[in-house]
Structure formats: structure tokens, C-alpha cells
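# below are the sequence and a predicted model for it; my questions follow.
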Amino acid sequence: MKFLIQRVNHASVMVNQKITGEIQKGFLVFIGISLDDTTEIADKLIRKMSGLRIFDDSEGKTNLSLQDVKGSLLLVSQFTLYADCKKGNRPSFIHAGKPEKARELYDYIIEQCKSSGFPVQTGIFGADMKVNLENDGPFTIILDSKEL
């Protein structure tokens, strides 16, 4: 599983020219789910993401967490995080999770984040989405379950 986390001042996602999710200060999180991911792996990444101290404190040091700044989450499914570009110029997605399982895990992640008390907005799983954001920093972190 991969979480591509962007610290944002604001972000939104649109499907068919309608906003499906919109946040102010917080994390825009692109979520990639692979073939062998589980709820246990999701829990591990959610804990790590929730505890990240990447917001500035009063001295300009990255010491504050999402909870400290009362930030929100915009969660967007993105199977292309599992693109395999080793051969040729057209990416392969053979390592991305199958849609039914990936949707279950994506929904699980949404529910776990909500139950943790974070305001959560989302995209629509499998839809063609247009994402708009203002990255604060820029500050982008990749959490990869295989590296944690």
C-alpha cells in the first residue's frame, strides 16, 4: 500500500464537474492499493500518517501533526501509484489491487480515518477525477508499506 501525502492549504476533487470532496488545511492523500494489501497494512499506514509532524510550529519547525492544527483529510484512490514502467513506455498496472478488494480497503481507510476524529472528504473510487490543490511548501511524503 502506498500513501502519497501532500500538505495542502486547500484541495478539492471533482467528478463530472461536481465537487465530491473539498478541504482547507490538511492532507491530500492519494491511496494506492496493491494485490497483497490487508486491513492490518492499512492500519499501519493510517497510524503513521496520523502521527506525521509536518506542520510548522510557532518557530517554523515541522513539529505539529494533523490533529494539532485541526486539519482535514482528502482521500483519493489512485491505482496508478502501482505503475510498473520497467518495460517500454506504456505503464503496466499488474501490481495494483483488483477493483473489488481495492474498493473495500479504500472504504475501510475512509472509515478508520473518520473514526479517528479527522474531518474526511473523498473522491469517488474508480472515477475520472480532477484534483485541484495548493501544496503548502511544497511538502510531499510517500509512505510505502514495504518500507515501513
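Thanks, I have the structure now.
# centroid residue for this structure?
residue 29 (2.0 Å; C-alpha atoms, centre = their mean).
# tell me the contacts of it?
By C-beta atoms under 8 Å, 6 or more residues apart in numbering, the residues touching residue 29 are 3-6, 49, 73-76. C-betas here are computed from N, CA, C, even on glycine.
# so for residue 137, what's the nearest residue that isn't a sequence neighbour?
Residue nearest to residue 137 in three dimensions, not counting chain neighbours: residue 7, with 5.8 Å by C-beta to C-beta, 6 or more residues apart in numbering.
# cool, residue 127 as well?
Leaving aside its sequence neighbours, residue 127 sits nearest to residue 15 (C-beta to C-beta, 6+ apart; 4.6 Å).
# same check, this time on residue 139
Excluding the flanking residues, the one nearest residue 139 by C-beta to C-beta, 6+ apart is residue 7, at 3.9 Å.
# same deal with residue 5?
residue 141 (4.7 Å).
# can you tell me which of the contacts of residue 29 are in strands?
Applying DSSP state E to the contacts of residue 29, the entries found in strands are 3-6, 73-76.
# show the residue spans covered by the helices in the chain.
Under the criterion DSSP state H, helices of the chain are mapped to 39-51, 99-115.
# using CSV, lay out the ones you listed together with distance to residue 147, mean pLDDT and mean neighbour count.
Below are the helices of the chain laid out as CSV (distance: least, C-beta to C-beta, whole Å; pLDDT from 0 to 100; neighbours: other C-beta atoms under 10 Å):
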stretch, distance to residue 147, mean pLDDT, mean neighbour count
helix 39-51, 11, 98, 16
helix 99-115, 18, 98, 16
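# can you tell me which of those is nearest to residue 121?
helix 99-115 (9.6 Å; C-beta to C-beta).
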